[in-house]
Each structure stands twice: as C-alpha cells, then as structure tokens.
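K.L.:
coords please:
(one chain, ligands or ions: 1)
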Amino acid sequence: MLIERFDTDEVLASTLATRLIDAISLNPRLVLGLPTGRTPVALYRELRWHSQRGHLDWSHVRTFNLDEFVGLGAGDPGSYRSYMQAALFDHVRMTPEQIGMLDGRAPNLVAECARYERAIAQAGGIDLQILGIGANGHIGFNEPGDTLEAETHVAELRAETRRANAGWFGGDTTQVPSHALSMGIATILRGREIVLMATGAGKQDAVAGLVNGQLTPRLPASFLQLHPRVTAMLDRGAAQRLA
Ligand code: PGA
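P.N.:
Numbers count the residues shown, from 1 in each chain. Reported below is the predicted structural model:
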C-alpha cells in the first residue's frame with residue numbers, strides 16, 4: 001500500500017482532483033467508483049471548479065457510488081443521491097445513463113443489489129475506486145462484525161455510523177436510516193486501482209489498522225491489504241499513528 005501524507009485536507013483534495021483530471025484525459029471512458037460523506041466534500045469542490053473551467057470532459061466517464069440509505073432517494077435531502085447531485089452531477093455534463101447509484105427506494109432491495117453488480121460488470125468494471133473510511137474502519141457501509149459480505153448487499157448500520165451521519169439529518173440520529181445498500185468488499189476489491197482518503201485525528205486508529213493491522217472483519221478496511229494497487233492519502237491527523 002502506498003501511503004501519502006498531506007499537510008492539509010485541502011492539499012490532499014486538490015492533489016487527488018488533479019490526478020482524476022489526468023486519469024480522465026488519459027482514459028475518457030474511465031469508470032469511477034465514488035464515495036460520499038464529509039471527507040470528499042473538498043474533492044468535489046475542486047472537481048466542480050475544474051469542470052466549470054473546462055479542465056475535465058465528463059461526457060464518456062461512468063460513475064458508480066458506493067452506497068445509499070434504504071428508503072431514501074432523489075428529493076430526500078439526506079440521500080446520497082441528493083448529496084451527489086449537489087456535489088457533482090448537477091454541475092457537470094453527464095447524462096443519467098452515465099451515473100450509477102443504488103436506489104434505496106427500490107421495491108426489491110435484493111434485486112436492486114444484483115442489478116448494481118450487473119451494471120458495474122457491463123460497464124467493464126471499476127477502473128478507479130475512491131474511498132473514505134469510517135472511524136470504525138468501515139468502507140462503503142461494510143461495517144465491522146463477525147463476517148463481511150462480498151457483493152452488493154443490504155447492510156445494517158451500527159450505532160456509531162448512524163451517529164456519524166446525523167449531521168446530514170439535522171443532527172438527529174434517530175432520523176438516520178437503520179439500513180443501507182452498499183457495495184461489498186469483493187465489489188470494492190475488484191476495482192483496478194483504489195484510492196482511500198482519510199482526514200482528521202478521528203480516523204487515526206482506523207488508518208493504523210488499515211495499514212498495519214491484521215486482516216479482520218472487525219476492521220473491514222484491513223481487506224484492502226489484499227489489493228495490489230491501493231494508495232492511502234492522509235492528512236496529518238489521520239496519519240499520526242503511523243511511524
Ligand atoms: P466521513 O465518512 O467522510 O463523513 O468521515 C467516511 C466514511 O464513513 O466512509
């Protein structure tokens with residue numbers, strides 16, 4: 001795993017944005033896996049800035065988001081669909097066909113998960129998967145536990161994850177859905193290249209486990225150690241337990 005340290009999350013975000021611009025100009029048909037949450041907010045801001053100035057051609061790019069809350073979709077302010085529209089999709093030239101998102105309001109959630117796996121495969125697989133990491137070591141909504149799910153699945157959120165997401169729901173943890181749809185660990189590991197972003201001291205333990213810990217479903221991100229092309233982009237706070 002390649003470890004990169006940055007003085008601030010702003011420098012981290014602008015560096016990753018520049019790499020994405022290069023990756024898309026080298027391969028205009030890039031298939032991108034995308035995260036939500038607080039960490040990538042600065043990355044999406046940079047991407048909007050560059051897109052508005054014509055530095056990025058999104059017209060052939062495909063995207064697949066990692067996860068979505070069960071019961072939420074377009075029009076729900078707390079949905080990842082709404083987050084992504086505001087953060088990126090409303091600001092770039094992409095058609096709905098280019099954008100892959102799980103539908104948290106699908107009538108048959110198991111069928112929706114299977115549809116998503118097929119859609120990713122039909123797009124040729126994910127070239128570059130961008131990830132955040134939860135303070136509890138989750139990636140996507142693959143939560144710590146006795147076991148992990150390989151493929152896209154319905155996940156039950158842990159209490160700490162619902163608390164961490166309360167900010168998107170007016171600070172009220174009880175409003176955070178109890179379940180989500182999420183790519184599985186194998187879905188994530190099938191990405192040809194993975195970039196994980198982590199910022200802030202609250203992530204230092206998860207990052208230490210990611211880099212130096214044992215492979216364990218108790219820290220789902222540790223499974224990234226199995227992948228040959230992972231870069232962890234860290235700010236000072238997130239890197240402080242690394243030598
Ligand atoms: P955060 O979430 O960026 O809001 O900290 C990261 C994650 O849970 O993957």
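K.L.:
Run the chain-centre distance for the helix ranked longest in the chain.
P.N.:
For the chain, the helix reaching the highest residue count under DSSP state H is reported as helix 9-26. Helix 9-26 sits 16 Å away from the centroid of its parent chain (Cα atoms, centre = their mean, to the nearest Å).
K.L.:
Tell me which other helices or strands that helix touches.
P.N.:
Packing contacts for helix 9-26, counted by 3 or more Cβ pairs under 8 Å, 6 or more residues apart in numbering; DSSP states H and E, involve strand 2-6, helix 41-52, strand 128-131, strand 193-198, strand 230-235. Where you see a C-beta, it was placed from the backbone N, CA and C, and this is true even at glycine.
K.L.:
Now the residue nearest the centre of the chain. Its backbone dihedrals?
P.N.:
With distances taken as Cα atoms, centre = their mean, the residue of the chain nearest its centroid is Pro35 (2.2 Å). Phi and psi for Pro35, reported as degrees, to the nearest 10, are phi -100, psi 170.
K.L.:
Thought Leu131 was touching it, still the case?
P.N.:
Yes - counting by Cβ atoms under 8 Å, Leu131 is a contact partner of Pro35 at 5.5 Å.
K.L.:
that older thread, deepest of the helices and strands packed on helix 9-26, which one?
P.N.:
The highest mean neighbour count among the helices and strands packed on helix 9-26, using mean count of other Cβ atoms under 10 Å, belongs to strand 128-131: a mean of 24.
K.L.:
other SSEs contacting it?
P.N.:
Against strand 128-131 (3+ Cβ pairs under 8 Å, 6+ apart) you get helix 9-26, strand 31-34, strand 193-198.
K.L.:
got the residues of the chain near the ligand?
P.N.:
Within reach of the ligand by Cβ under 6 Å from any ligand atom, the chain has these residues: Gly37, Arg38, Thr39, Gly132, Ile133, Gly134, His138.
K.L.:
which two in those residues are spaced the farthest apart?
P.N.:
Arg38 and His138 (14.1 Å; Cβ to Cβ).
K.L.:
Neighbour count for these two, which is higher?
P.N.:
Neighbour count, other Cβ atoms under 10 Å: between Arg38 and His138, His138 has more, with 25 against 14.
K.L.:
In contact with that one, which residues?
P.N.:
Pro144, Arg158, Thr161, Pro220, Ala221 (Cβ atoms under 8 Å, 6 or more residues apart in numbering).
K.L.:
can you check Arg236 too?
P.N.:
Arg236 neighbours (Cβ under 8 Å, 6+ apart): Arg5, Phe6, Asp7, Thr8.
K.L.:
and if we set it to 7 Å?
P.N.:
By Cβ atoms under 7 Å, 6 or more residues apart in numbering, the contact list for Arg236 reads Arg5, Asp7.
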